[in-house]
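Visitor: what shape does this take:
(3 chains)
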Amino acid sequence: MPTGASATPSRGLAEVAASEASLRRFLAGLPGVDQVGAEARAATLATRSIKTTAKATAIDLAIRMIDLTTLEGTDTEGKVRTLVAKALRPDPLDPGCPSVAAVCVYPDRVGLARQALGAASLHVASVATAFPAGRSSLVVKLRDTADAVEAGADEIDMVIDRGAFLSGRAMAVLDEIVAVKQACGRAHLKVILETGELVTYDNVRRAAWLAMLAGADFVKTSTGKVQPAATMPVTLVMLEAVRDFRAATGRQVGVKAAGGIRSSKDAIRYLVMTGEVAGNDWLDPDWFRFGASSLLNDLLLQRQRMATGHYSGPDYVTLD
Amino acid sequence: MTGPMSFDYAPAPESRSVVDLRSSYGLFIDGKFADPADARSFKTVNPATEEVLAEVGEAGPADVDRAVTAARRAYTKVWGPMPGRERAKYLFRIARIVQERSRELAVAETLDNGKPIRESRDSDLPLVAAWFFYYAGWADKLEHAGLGADPRPLGVAGQVIPWNFPLMMLAWKIAPALACGNTVVLKPAETTPLTALLFADVCRQADLPPGVVNIVTGAGATGQALVEHPDVDKVAFTGSTPVGRQIARAVAGSTKRVTLELGGKAANVVFDDAPLDQAVEGIVNGIFFNQGHVCCAGSRLLVQENVHDEVLERLKRRMATLRVGDPLDKNTDVGAINSAEQLARIRALTDVGDAEGAERWSAPCELPAHGYWFAPTLFTGVSQAHRIAREEIFGPVLSVLTFRTPHEAVAKANNTPYGLSAGVWTEKGSRILWMAERLRAGVVWANTFNQFDPASPFGGYRESGYGREGGRQGLAGYLA
Amino acid sequence: MSERLDVRKTYKLFIGGAFPRSESGRSYVVNDAKGRFWANAALASRKDARDAVVAARNAQPGWAGRTGYNRGQVLYRVAELLEGRRGQFVAEVSRGEGLSTRKAEAVVDASIDRWVWYAGWTDKVAQVLGNANPVAGPYFNLSTPEPTGVVAVVAPQDSSLLGLVSVAAPVVATGSTVVVLASETAPLPAITLAEVLATSDLPGGVVNMLTGRAAEVAPWLATHADVNAIDLTGVGDADLAGDLEADAAGTLKRVRRPAGAKTADWTDGPGTDRLGWTMEIKTVWHPMGV
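Guide: Residues are numbered from 1 along each chain as shown, chains lettered A, B, ... in the order given. Next comes the predicted model:
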């Protein structure tokens, strides 16, 4: 069983995870987040007006950043195949339309997704660790992760133990992430904070740092199964965290905003915020993702609007 | 795989077509526009382009006298005797018309003033409407304001306002004056007269009786004629401390009532346990909001020494993202300096900062070729003895000082003849209250900055003036 | 049996809790209402005014920093001592203002009661002049009155005790400290009042009493940069009042103008009029969030 002390990969902050006490002290010592101020900042960024060429660039970038997701008990082979087809060619009538970044499915659908993708370079992401609640033993979570990786997932979206976090057992959360990271092997690890259950921005910032200290490649807002999911201010706080983490350690960590982002307008606002808060280095599918399903069609509608000069309609994009 | 991209925002200009400016404007006296008696005029220009926007009448003493006479007549015959509930409805009407025409007024404000459309649209105009709406409700409740059982209006108010928030300052002045039953002669600043003249049309649409609001445009001499007019009962001024001092002298020995909102050199105090990202936003908002043309601007950053480097690093990074340029572009954060004269003053004082040995850093940004511009700038290594730490620069220039203990922070913050506003950033509740009690300033923003609301009194201690605007206390300056 | 020769009092200034003579060494003749010699009072100079401002400034933070409850008790204690010296004040007011004993008694009683009135205000004024503000946003927003600092007062000329108490007590009740220039022609009750203050629990420097000429001393107070407010109630000469107000504009002091032609009837109820003018409204904002 790895411990935080031996496993933390974060240069310069090794002593932080030396003990439960030092870890708690470090997290408590992070600057607080004033809710009203953070929300005001996000609201101001949301007033940016992105037009013409900038909008076209942003729409294509947003498409390329999507983890096209289906996470339902009703997911069938047919559902996964249509999802993959849509991910590869979001707009069948326009070969210039980029593919999304990844498809995101449950572990038992990973093999199918990988097979459907064939030689395409899209990533296959899988939620694991007893998603969405995470209420299973570590053994089950690690097996869940290994299953998905073995089936071909190259990105794992895990959930943190919110119960442990909220009861102050930061080291338990850290150790679990470290263990899952190890189980991931070469797969990238996205750590879902489930911000809707952490409630305060102080918690979100601390949880983000905890995940990064444990070796997360991405920090992700939400499972999409809890309300509220991604919001502008919560993502703002996480963008500040990855920015500060890179400044402190030299290691860049990505951010995934998942759940509730449905319109192009919203997606563009997130891109604005990412560029202005974390920096342009994050404006890349390697460093920022949207976990979404219906967002893609709205981006396509807007894309068609910009190409044709008139408004499009829902029957002009595919239903998948 | 593609590398990181630069997300350049395409120009997103607000349309000018919502504003229909005339080529020339007269004075608004007794419900009508009329040329000045001696037909003098001056030009008002767009500070972002130096383009002439309109010719505006320059009111001489005879014009001011006509305006005061009209205001006196309206006070005696119409507005003074009118029941409060009727006055209230006029003010509610004005609030609504301002809301209806707010885009037009915002664009006009940005054209004439140089402030970003984002601010005139999201800050100035909403506050203008809110101010009229708030004071409208007071008009028929004055006897319940705790200012005496039978509060009476003063009569004719002569009001002189600055160029930094032209329409907002008009609202701060006119709304309480009218709610209390006074009539008004208002002089807007000579570099920003247009929205006051558009407001005259708002009054017309509201069917406000002639003479209740009169607008006389002009420069210092016009303001002086108004302030010194013997039939003015009340003088309200917002502007610089030197001019405020002149006004206080001019009315000495008279029965005129006076309220003055003057300059400031506010300290924005950041402790090591502050919510740092919000503190940085507060510092930026405190000094770069409205190009720093704000009397309550947080122009002195007092940062605890142990977080000085970290705060400065964050601040510079944030300042580098400020978008300076075309005020009509919806993505502009920092617009144009209001006038060539103000730009010269900012340059002169920052040159003194260099000469006194402070270290200048300006955000990397390209400034437009025409118009009046100054890049967001900070000075480090500033001490209390430096002129840039003592004098109001009234521009986008921040002086950074340090402190070690709360006592030192308070002592330095208060070490100024001004006392308009102050900021405190710390997550320790009891320290906020300790600081708030000791800071000698009329407004203390704790973990926030530059917040305004019609329900909240605003005004200074000491040489920042006297009287309050906003809130219940804002009525006191217009009642006997 | 020879008649006993009374022991006269030397009337001095009251600065910082001590009773110095004028640093100038000067004094002036004070006559009673009938024009007979009564005493030589100290003739305060500009330097005495300066010293008084320094004493008032030094005392101010501590005085303002006390709780309202404590200030109220200190001021009530003053009233207790005034009551004990009632006879002395009646005699002085009667002699100085030419009032019958009965009228002088009424004036002294009103003065004591007025002191009690203001003693009771110390822990209430913030509730009456301040309030919470319902702003349109997630902010806690509170306005409270705070003492302006050091206040110079030219006391009424015609009401040597009641007028003096009426203008000085509200200033100290609300937490400012005061430099009083007593009635020029009838300054002696002011100095006797100072003796009461000196033996009460009032910290030195909270009230400072000068006797002398308004035309000589008041301009130094009006121009003094460390004075926050000036009350010109006792300035009878309209031209002088105008000049003093213009002087005060130099540092934008809060100015209370003289009442003008109408003479104040100090026996009228005081109301709340004098509580607010030496107070500054401070508004504090704080976000409300989790």
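
Visitor: what bits of the stretch 151-290 of chain C have low per-residue confidence?
Guide: Along the stretch 151-290 of chain C, the parts satisfying pLDDT under 70 run over C:261-262.

Visitor: pull up the residues of it that are close to chain A.
Guide: C:Pro287, C:Met288, C:Gly289, C:Val290 (Cβ under 8 Å from any Cβ of the partner chain). Yep, even glycine has a C-beta here, placed from its N, CA and C like the rest.

Visitor: tell me the buried residues within the residues you listed.
Guide: Buried members of those, scored by 16 or more other Cβ atoms under 10 Å in any protein chain shown, are C:Pro287, C:Gly289.

Visitor: near chain B, from the residues of the stretch 151-290 of chain C next to chain A?
Guide: Within those, those near chain B by Cβ under 8 Å from any Cβ are C:Pro287.

Visitor: how much space separates whichever residue of the stretch 151-300 of chain B sits closest to chain A from A:Gly29?
Guide: In the stretch 151-300 of chain B, no residue comes nearer to chain A than B:Gln278, which is 3.2 Å away by Cβ to the nearest Cβ. Separation of B:Gln278 from A:Gly29 (Cβ to Cβ, to the nearest Å): 17 Å.

Visitor: could you check which of those two has the larger neighbour count?
Guide: For B:Gln278 versus A:Gly29, neighbours defined as other Cβ atoms under 10 Å in any protein chain shown are more numerous around B:Gln278 (28 against 10).

Visitor: ok, and the closest non-adjacent residue to the more buried one?
Guide: Nearest residue to B:Gln278 in three dimensions, chain neighbours excluded: A:Gly37, at 3.2 Å (Cβ to Cβ, 6 or more residues apart in numbering or on different chains).

Visitor: checking that neighbour next. Helix, strand or coil?
Guide: Following DSSP: H, G, I helix; E, B strand; the rest coil, A:Gly37 is assigned to helix.

Visitor: that one reaches B:Asn447, doesn't it?
Guide: Yes - with contacts counted by Cβ atoms under 8 Å, A:Gly37 reaches B:Asn447, the gap being 6.8 Å.

Visitor: joint contacts of these two?
Guide: B:Pro275, B:Gln278, B:Gly282, C:Pro287 (Cβ atoms under 8 Å, 6 or more residues apart in numbering or on different chains).

Visitor: I'd like to know which of those residues are part of helices.
Guide: If you go by DSSP state H, the shared contacts of A:Gly37 and B:Asn447 have B:Gln278, B:Gly282 in helices.

Visitor: adding distance to C:Val217, write the shared contacts of A:Gly37 and B:Asn447 out as CSV.
Guide: Formatted as CSV, the shared contacts of A:Gly37 and B:Asn447 follow (distance: Cβ to Cβ, whole Å):
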residue, distance to C:Val217
B:Pro275, 52
B:Gln278, 51
B:Gly282, 46
C:Pro287, 49
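
Visitor: which of the shared contacts of A:Gly37 and B:Asn447 lies closest to C:Ala229?
Guide: Of all the shared contacts of A:Gly37 and B:Asn447, C:Ala229 sits closest to B:Gly282, with 32.2 Å by Cβ to Cβ.

Visitor: the closest one contacts B:Trp425, correct?
Guide: Yes - with contacts counted by Cβ under 8 Å, B:Gly282 reaches B:Trp425, the gap being 6.4 Å.

Visitor: overlap in contacts of those two?
Guide: B:Asn268, B:Asn447.

Visitor: show me what the helix or strand B:Ala62 falls within is packed against.
Guide: Following DSSP states H and E, one finds B:Ala62 within helix B:61-74. Using 3 or more Cβ pairs under 8 Å, 6 or more residues apart in numbering or on different chains; DSSP states H and E as the contact definition, the elements that helix B:61-74 packs against are strand B:27-29, strand B:156-160, strand B:183-187, strand B:213-215, helix B:220-228.

Visitor: from what I can see C:Thr263 touches C:Asp158, true?
Guide: Yes - applying Cβ under 8 Å, one finds C:Thr263 in contact with C:Asp158, separated by 6.8 Å.

Visitor: neighbour count: the two, which is higher?
Guide: Neighbours were counted for C:Thr263 and for C:Asp158 using other Cβ under 10 Å; C:Asp158 has more, 15 against 12.

Visitor: can you pull the contacts of that one?
Guide: Residues near C:Asp158 by Cβ under 8 Å, 6+ apart: C:Glu97, C:Ser183, C:Thr263.

Visitor: so what's the residue count around the first one?
Guide: The criterion is other Cβ under 10 Å. On that basis, C:Glu97 has 21 neighbouring residues.

Visitor: check what pLDDT A:Leu319 gets.
Guide: We note a pLDDT of 81 for A:Leu319 in this prediction.

Visitor: picking that back up, buried residues, the helix holding B:Ala62. List them.
Guide: B:61, B:63-74.

Visitor: stretch C:120-136 too?
Guide: For stretch C:120-136, using 16+ other Cβ under 10 Å, the buried residues are C:Trp121, C:Thr122, C:Asp123, C:Val125, C:Ala126, C:Leu129, C:Gly130, C:Asn131, C:Asn133, C:Val135.

Visitor: filter those residues by proximity to chain A?
Guide: Answer for the buried residues of stretch C:120-136 near chain A: none qualify (Cβ under 8 Å from any Cβ).

Visitor: let's see which of the residues you listed end up in strands.
Guide: C:Asn131 (DSSP state E).

Visitor: with distance to C:Arg26 and pLDDT added, can I get the buried residues of stretch C:120-136 in a markdown table?
Guide: Output for the buried residues of stretch C:120-136, formatted as a markdown table (distance: Cβ to Cβ, whole Å; pLDDT from 0 to 100):
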| residue | distance to C:Arg26 | pLDDT |
| --- | --- | --- |
| C:Trp121 | 37 | 98 |
| C:Thr122 | 37 | 98 |
| C:Asp123 | 42 | 98 |
| C:Val125 | 39 | 98 |
| C:Ala126 | 42 | 97 |
| C:Leu129 | 41 | 97 |
| C:Gly130 | 45 | 97 |
| C:Asn131 | 49 | 97 |
| C:Asn133 | 52 | 98 |
| C:Val135 | 56 | 98 |
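
Visitor: among the buried residues of stretch C:120-136, which lie within helices?
Guide: Per DSSP H, these map to helices at C:Val125, C:Ala126, C:Leu129.
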